[in-house]
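S.K.: Make a model of this:
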Amino acid sequence: MKVFVWNLILAFFWMCLWGELTFSGLISGYFAGFIVIFLTRALIGEDQYFKKFVLALKFFLFFMKEFIFSALKVAYDIVTPRHHMRPGILRIPLELESDAQIQLFSSVVTLTPGTLSLDIAEDRKSIFVHFMYVDYENLEEFRLQLRDKFEQKIKELFE
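M.R.: Numbering: from 1, shown residues only. Sure, this is the predicted structure:
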C-alpha cells in the first residue's frame, strides 16, 4: 500500500511539473511514476505491488471480455424478432470471505449485461442474482459457472 501512495505522490509531482492538474495528467503521471518505481524496485524491495497491478490488469481485461460478450448477447436478443430470454433468480453459493471481495463480486455481476445482483444472504455464503438467460436443463452447472468465472479471479486479486 505504501508503494501505491508513493506512486500517487509521483503522479502529483508529474502533474505539477507539466502544469496539468487534469485527469489525463494524473493518469500519465501515474504511469510515469509506475515506471520509476518499477526501475527502482530493487532499491525499494517491493515486488508485490507489481504482481497486484498485473493481476488487476488481467482482471480488468477479463471483465471487459465478459462485458462485451454479454452486451452482444443482449443486443442480439433485442434486435432479433424472437426473444431468447429465459429469466430467473438463482441463489449462487459464495466462498468469498471479506466484505470487499463480496462487494466486488456483486458489482461485477451487476455491471455485466444480463445479470443483476439482488441480495446477499445474511450468512454471506450466497448471493441472489437475476439472470436474463438461465440454462434450466443444466441448472447446477449454470449456477456454479458464474461463481467459478469471477470468484477465483477475485480471490487471486485479494490474496
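
S.K.: How is this protein partitioned into domains?
M.R.: The chain breaks down by automatic domain parsing into domains covering 2-46, 49-158.

S.K.: so who does the nearest residue to Ile102 once chain neighbours are set aside touch?
M.R.: Here the nearest residue to Ile102 in space, its sequence neighbours aside, is Leu96; by CB to CB, 6 or more residues apart in numbering that works out to 5.1 Å. (C-beta placed from N, C-alpha, C; glycine too.) With contacts taken as CB atoms under 8 Å, 6 or more residues apart in numbering, Leu96 has the following neighbours: Ile102, Phe105, Glu151, Ile154, Lys155.

S.K.: Hmm, the last one is touching Ile102, no?
M.R.: Think Lys155. No - between Lys155 and Ile102 there is no contact, the gap being 11.4 Å when judged by CB atoms under 8 Å.

S.K.: Who has more neighbours out of those two?
M.R.: Between Lys155 and Ile102, counting by other CB atoms under 10 Å, Ile102 is the more crowded of the two (18 against 14).

S.K.: Could you check how far the more buried one is from Ser24?
M.R.: 33 Å (CB to CB, to the nearest Å).

S.K.: So which elements touch the longest helix along the chain?
M.R.: If you go by DSSP state H, the chain has its longest helix at helix 48-79. Using 3 or more CB pairs under 8 Å, 6 or more residues apart in numbering; DSSP states H and E, the elements in contact with helix 48-79 are helix 2-18, helix 23-39, helix 99-111, helix 139-158.

S.K.: Since that was my last question, I'll sign off now.
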